[in-house]
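>>> Build the 3D model from these lines:
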Amino acid sequence: MDENKSVLSKARPENRLRKSMRGALRWVLVTLLAFGLGALLTAFVLYAPIRKNLDSATLHMTVLKALSGVRGASLAVAADDYAGARLSLIQSSKALDSLSGLLGTDQKDVLTAMQQSAAQALTEVKTDLKSAQPELDQLTKNLVQLEDNLFPNP
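Numbering: from 1, shown residues only. Got it, this is the predicted structure:
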């Protein structure tokens, strides 16, 4: 019987130790879960809206870059600067290509027309500098309208 009591007395502290370790482990897991959920909530509440504003700013910057290139080409044509007009049109074409990844599917047709218009203006600049001006004017009008549609002024 003495042996039986000594075995039981040894088992009790182990059970108490195990119970306290399980309790501590549960609290650690609950704490980690709470921090994880807090981090996830913070990401959704703070990061997602900021990401949307950043995408909007990138889109606006790219539209303005294309518009700047077209207006620069118009000024170069007015000054009989072939190299300046060509360089500005190349810059504008690159910005229009970048826009294709940023715009929605409902505006792809408009963008394709603007890309073709920029390519036509570049071809006309090579043959006769002054003949590109009507195409540049139309492209400027289309880009200003696109900017107004995407970013209306209050």
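>>> From now on I want contacts and neighbour counts done on CA atoms only, so please keep to that.
Fine.
>>> Name the residues of the helix or strand containing Leu139 that are buried.
Take DSSP states H and E as the rule and Leu139 turns out to sit in helix 133-150. Buried residues in helix 133-150, counting neighbours by 16 or more other CA atoms under 10 Å, are found at 133, 135-136, 139-140, 142-143, 146-147.
>>> What is the nearest of the residues you listed to Gln115?
Leu139 (9.1 Å; CA to CA).
>>> List the contacts of that closest one.
Neighbouring residues of Leu139 by CA atoms under 8 Å, 6 or more residues apart in numbering: 70, 114, 117-118.
>>> Just the element for the residue most central in space within the chain, please.
Ranked by distance to the mean C-alpha position of the chain (CA atoms, centre = their mean), the top residue is Asp55 at 3.5 Å. Assigned by DSSP H and E, Asp55 belongs to helix 48-78.
>>> Can you list the low-confidence ranges for the chain?
1-14, 154 (pLDDT under 70).
>>> ok, 80 please
Applying pLDDT under 80 to the chain flags residues 1-14, 47-52, 104, 154.
>>> wait, Val125 sits on Arg86?
Yes: at 7.0 Å, Val125 counts as touching Arg86 under the criterion of CA atoms under 8 Å.
>>> Surely Leu129 is in contact with Ala79?
No: using CA under 8 Å, Leu129 is not in contact with Ala79, being 10.0 Å away.
>>> so can I have CSV of the contacts of Leu139 showing distance to Leu25?
Listed next are the contacts of Leu139 as CSV, based on distance: CA to CA, whole Å:
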residue, distance to Leu25
Val70, 65
Met114, 63
Ser117, 67
Ala118, 66
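>>> Return the members of those residues classed as buried.
Buried members of the contacts of Leu139, counted by 16+ other CA under 10 Å: 70, 114, 117-118.
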